[in-house]
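>>> I need the structure of the sequence given here:
(one chain, ligands or ions: 3)
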Amino acid sequence: MFNRLQYISQGNTVEEQLYNIHQALDHGCDWIQMRFKNATSEDTFTLAEAVKILCQEYLATFIINDNVALAQEMDAEGIHLGLSDMRISKAREILGSSKIIGGTANTFEDIQKHVNDGCDYIGLGPFRFTKTKEKLSPILGLEGYAELMHKMQQAQIKTPVYAIGGIQTDDVEAIIKTGIHGIAMSGLITESQTKAQLITELNEKLYGYYIV
Ligand SMILES: Cc1ncc(COP(=O)(O)OP(=O)(O)O)c(N)n1
Ligand SMILES: Cc1nc(C(=O)O)sc1CCOP(=O)(O)O
Ligand SMILES: [Mg+2]
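Ligands and ions are numbered 1, 2, ... in the order given. This next block holds a predicted model:
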């Protein structure tokens, strides 16, 4: 079973990214998605090498955003692909059955397509407006999540779903009640000055018991 909290990395330079990822790992995140937009391929490679070592050290899951070739070269645990990235069936051919492949969805049709293509989890968003990503799909909110989770249940689709987009601590309980498996976050974790407390609180809400 996949863990319930994903940290989506942030930072404009290799150093900022590494600092943020290290902080997240140090304070209890054990799933890192390396998301480094608008970076050179050299910087992206440098960062990926360092993040791979860090994730091994912290026994954390290392997922790469967008770049299937890099995920293959790094032997990362997986890849996250959006609606305008490589199709999941193609990535599966390249990476094989042992790698984790996540896909972004905003509608039930997106979910069906990714599931039919063999994805391992769905990133469903945005929950609300966020500055972290440009060109957001329509906002889903709690009602959108409830409706899509209901449709998945009716269709007997059991693929784990992660909520994403502008999520705050107080949103987590209501999101989980819709049947969503976990949450993926950037801004709240990156900007928190009390990360250990935040991540403990998020995990309590996500797992329903106290995690040290
Ligand atoms: C867990 C998770 N869900 C959704 C996304 C968004 O992916 P995508 O739509 O490809 O957008 P970018 O992240 O590439 O800007 C994600 N990264 N992770
Ligand atoms: C990377 C990403 N994808 C989204 C989607 O809706 O597909 S929202 C998003 C940004 C998540 O960061 P934050 O927690 O700072 O809002
Ligand atoms: Mg993408």
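
>>> V161 pairs with what?
Beta-bridge pairing for V161 (DSSP bridges): I122.

>>> how many neighbouring residues does Q23 have?
Q23 is flanked by 16 other residues according to other C-beta atoms under 10 Å. In this view, the C-beta of every residue, glycine as well, is placed from N, C-alpha and C.

>>> quick check, pLDDT for the spatially most distant residue from the centre of the chain.
Centroid-distance maximum for the chain: Q154 at 24.8 Å, with C-alpha atoms, centre = their mean. For Q154, the pLDDT comes out at 98.

>>> neighbouring contacts of the host helix or strand of G144?
Using DSSP states H and E, G144 sits in helix 141-154. For helix 141-154, contacts defined as C-beta atoms under 8 Å, 6 or more residues apart in numbering pick out 105, 107-108, 111, 124, 127-128, 140, 158-159, 161, 163, 174-175, 178-180.

>>> of those, which belong to strands?
Members of those lying in strands (criterion: DSSP state E): 105, 124, 161, 163.

>>> quick one: which of these is nearest ligand 3?
Nearest to ligand 3 among the ones in strands among the contacts of helix 141-154 is A105, at 12.4 Å by C-beta to the ion.

>>> bridged to the closest one, which residues?
Beta-bridge partners for A105, by DSSP bridges, are L124.

>>> what is the neighbour count of the nearest residue to F108 once chain neighbours are set aside?
Nearest in space to F108, with sequence neighbours left out and distances taken as C-beta to C-beta, 6 or more residues apart in numbering, is K151 at 4.8 Å. Neighbour count of K151, defined by other C-beta under 10 Å: 14.

>>> what's the neighbour count on whatever residue of the chain ends up closest to ligand 3?
Residue of the chain nearest ligand 3, by C-beta to the ion: G82 (3.3 Å). Counted by other C-beta under 10 Å, the residues lying close to G82 total 17.
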